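*Asks:* The amino acid sequence is not available; the structure is as follows:
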């Protein structure tokens with residue numbers, strides 16, 4: 001088969017397992033391409049992939065939820081980091097196929113429905129104006145995979161190019177256990193998108209999150225990734241507290257801390273400033289004033 005014609009077959013894969021198999025066949029076909037044309041042919045293929053995802057993303061909506069079928073090509077685009085040489089690109093294709101083969105499993109339980117995802121988005125918009133303020137210039141793309149992930153029930157992935165966040169997705173998979181509350185996990189990933197926009201760094205919490213240093217031990221405080229995870233947890237707790245999804249919070253949270261978390265997230269999203277508060281004393285002072293005037297929001 002002509003390799004260029006096979007591109008269309010690869011890009012029309014209906015599942016990720018099918019995509020992995022088609023990529024493996026494509027690799028074999030690429031090895032037969034004239035050596036002078038290999039990188040040019042690879043570039044043409046990547047351009048086709050980019051065009052597909054570009055038109056799939058085209059539109060002004062701030063939230064795009066991809067069906068499992070639509071998620072296949074977006075997943076491919078996210079995991080192929082186009083390289084300047086044919087050999088490196090061939091390795092990239094191997095990585096995509098291997099990531100699917102080794103990282104994705106047959107579904108263990110049913111994932112979140114699109115209706116629940118939209119309900120949770122309505123919640124964070126109503127409570128914090130998340131869609132209005134956070135997604136104003138950086139739309140949210142949500143992939144739905146009909147697979148369980150070997151490690152995660154859901155995750156956020158992004159690439160930073162200078163001041164631009166690209167290839168960023170919240171990826172929803174099927175949980176490992178029926179009793180897993182994916183509602184908390186999904187909102188947790190929204191927290192990761194928030195701190196990535198605020199700091200323009202991956203896995204780094206906003207500077208103002210130091211106001212909660214007293215809650216965490218030293219090993220957490222010196223670990224950027226741990227504090228980014230803690231920030232995402234705080235966001236999810238703040239969002240789900242006092243809502244119909246409060247039972248999905250997987251650990252006990254003191255009511256005073258929940259109030260602080262709600263206030264902190266509200267202030268952060270209102271300002272979209274990672275330095276919105278300078279200390280825990282400042283945050284406590286704002287909370288005290290609100291409580292004294294009976295103005296603490298219970299949304």
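*Replies:* Ah, there it is. Just so you know, these numbers come straight off a predicted model, no measurement behind them. Residues are numbered from 1 along each chain as shown.
*Asks:* C-alpha from now on. contacts and neighbour counts both.
*Replies:* Noted.
*Asks:* Pass me the low-pLDDT residue ranges in the stretch 51-200 of the chain, would you?
*Replies:* Scanning the stretch 51-200 of the chain for pLDDT under 70 picks out 59, 179.
*Asks:* That one: helices as residue ranges?
*Replies:* Per DSSP state H, counting those that start in this stretch, the stretch 51-200 of the chain carries helices over the ranges 68-79, 86-103, 114-128, 182-199.
*Asks:* So for residue 41, which of those sits nearest?
*Replies:* helix 86-103 (9.1 Å; C-alpha to C-alpha).
*Asks:* Indicate which one of the helices of the stretch 51-200 of the chain is closest to residue 151.
*Replies:* From these, taking C-alpha to C-alpha, the stretch that ends up closest is helix 86-103, at 7.8 Å.
*Asks:* could you say what helices and strands the closest one packs with?
*Replies:* helix 16-30, helix 38-57 (3 or more C-alpha pairs under 8 Å, 6 or more residues apart in numbering; DSSP states H and E).
*Asks:* avg pLDDT for stretch 213-232?
*Replies:* Summarised as a single mean, pLDDT over stretch 213-232 is 95.
*Asks:* Buried deepest among the helices of the stretch 51-200 of the chain, which one?
*Replies:* helix 182-199 (a mean of 23; mean count of other C-alpha atoms under 10 Å).
*Asks:* could you say what helices and strands that helix packs with?
*Replies:* helix 114-128, strand 154-161, strand 164-172, helix 224-240.
*Asks:* export the ones you listed to a markdown table and tack on distance to residue 71?
*Replies:* Output for the helices and strands packed on helix 182-199, formatted as a markdown table (distance: least, C-alpha to C-alpha, whole Å):
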| stretch | distance to residue 71 |
| --- | --- |
| helix 114-128 | 13 |
| strand 154-161 | 14 |
| strand 164-172 | 9 |
| helix 224-240 | 24 |
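*Asks:* show me what contacts residue 25?
*Replies:* By C-alpha atoms under 8 Å, 6 or more residues apart in numbering, the contact set of residue 25 is empty.
*Asks:* Mind pulling the model confidence for it?
*Replies:* Confidence score, pLDDT, at residue 25: 97.
*Asks:* what's the neighbour count on residue 239?
*Replies:* By the measure other C-alpha atoms under 10 Å, the count of residues near residue 239 is 30.
*Asks:* How about residue 56?
*Replies:* 14.
*Asks:* Assumed residue 243 was part of a strand.
*Replies:* No. Counting by DSSP: H, G, I helix; E, B strand; the rest coil, residue 243 falls outside a strand, being coil.
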